[in-house]
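this is a predicted model, with the sequence first.
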Amino acid sequence: MNIDRRQLALPVLALGLGLMSVVPAFAGADEDAIAKHVEAFRAAQAAGNAEGIAPLCADDLSYSHSNAKVDTKASLLDGIAKANYKWTSLEYKDPTIRVVGPTAIVRFNFVGEQEFTDGKKTPQNLHILMNWQRQGPDWKLLSRSATKL
């Protein structure tokens, strides 16, 4: 039996188009899951809730602040628990999420105000880059970097 390329082209094209319609469905579900995790992280951060942040972070977390300080998961959670300030406002503005295989790149503007125990208020305006990694069935924050705007 002789098969020429034209006979193979249509099934291959159909298979490719079929797969294209499936991939965005998974990507959309991943993006939704990550968006929920990012919002949960923001809400816990705004509340100063280390217990709310802990399950969202990978054990190998690398968390970089805009002043170049780098925290591990343990030091980040300790710092939140012992903070001498509270957030009077905290927004993650204009977030973008891009899923790339088992990782996700999240970017947003971090806008808020901290009030310290001495009454001093400090505005924050940063650009944030978060990298989330699929670990088993869930997404975990693997790294975060901040740049002052």
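That came through, no problem.

following whichever strand or helix holds residue 124, which helix or strand comes up?
Assessed by DSSP states H and E, residue 124 sits inside strand 121-135. Per DSSP H and E, the first helix or strand lying C-terminal to strand 121-135 is strand 138-148.

average pLDDT across that next one?
Per-residue pLDDT values across strand 138-148 average out to 97.

now do that strand against strand 121-135, angle only.
Orientation of strand 138-148 against strand 121-135 (axes from the mean of the first three to the mean of the last three C-alpha atoms, to 10 degrees) gives an angle of 150 degrees.

residue ranges with poor pLDDT in this structure?
For the chain, the stretches flagged by pLDDT under 70 are 1-27.

which parts of it are helices?
With DSSP state H as the criterion, the chain has helices at 5-47, 50-53, 73-81.

and residue 127, how many neighbours?
Residue 127: 15 surrounding residues under other C-beta atoms under 10 Å. From N, CA and C alone the C-beta is placed, and that goes for glycine too.

tell me which residues touch it, please.
Residue 127 is in contact with 107-110, 146-147, 149, counting by C-beta atoms under 8 Å, 6 or more residues apart in numbering.

which strand residues bridge it?
Counting by DSSP bridges, residue 127 forms beta bridges with residue 109, residue 147.
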